[in-house]
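Visitor: have a look at this prediction, sequence included:
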Amino acid sequence: MPNPTDINDSKQLAGLIAELALSKKADDVLSIDLSEVSSSTNYFIICSAETGLQVKAIANAVRKGTPNKPWHIEGMENENWILLDYVDVVLHVFKTKIREYYNLEKLWADAPVTEIKDEPERTN
C-alpha cells in the first residue's frame, strides 16, 4: 500500500530532490525533463561533488528528506556515482571528474534542462 505522504507529482519530487542536494552543497545541479523524449523516467536530477564523502552525504540527504522510498539504489559503496531511482525521477550524484567523463547532459541534449541554484538568503 502506498505511503499517503508520498509525493505523486514527478515535477514536485524532482524539485524536492534538487533542493535536498543543494542543502548538502551539491555543485552544478541540473534538472532534465525527459517526459517528452523518454518512456523510462520523467526527470533526471544530475549534480556533482568533489569528494566521495560529499557524494554520499548528498545521496543520504535525499534518501532521508524525501517521503518516497527509492525503488533502486546503486553506487553507495564506491561513492563515485550514486544513483537513486524513484521511477519517475532519477538522481545521479557524481564525483566531478566522473561526471565530466560520462557527460550525461550531452546524451539528453534534446531535452529541456533547468539549472537549479541555491537561493541566497536575503538580509534587510
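Guide: Sure thing, it's come through.
Visitor: could you use CA atoms for every contact and neighbour count after this?
Guide: OK.
Visitor: where do the helices sit along this structure?
Guide: For the chain, applying DSSP state H gives helices covering 10-23, 52-65, 96-102, 104-107.
Visitor: ok, and what's touching the second one?
Guide: Helix 52-65 is contacted from outside by 17, 20-21, 24-26, 48-49, 69-70, 76, 78-82, 84, 93-95, using CA atoms under 8 Å, 6 or more residues apart in numbering.
Visitor: just the buried members of the residues you listed?
Guide: Using 16 or more other CA atoms under 10 Å as the burial test, those include 17, 20-21, 24-26, 48-49, 70, 76, 79-82, 84, 93-95 as buried.
Visitor: the helices of the chain: which one's closest to Ile32?
Guide: Closest of the helices of the chain to Ile32 is helix 104-107, at 8.0 Å (criterion: CA to CA).
Visitor: give me the residues contacting that closest one.
Guide: Ile32.
Visitor: list the buried residues in that helix.
Guide: In terms of neighbour count (16+ other CA under 10 Å), helix 104-107 has its buried residues at Glu105.
Visitor: same check, this time on stretch 60-79
Guide: Residues 60-63, 66, 68, 70, 76, 79 are the ones in stretch 60-79 that count as buried (16+ other CA under 10 Å).
Visitor: what two of those are the furthest from one another?
Guide: Asn68 and Glu79, at 22.0 Å, using CA to CA across the buried residues of stretch 60-79.
Visitor: got any ranges where the protein has weak pLDDT?
Guide: 1-7, 119-124 (pLDDT under 70).
Visitor: swap the cut-off to 80 and go again
Guide: Residue ranges of the chain with pLDDT under 80: 1-8, 119-124.
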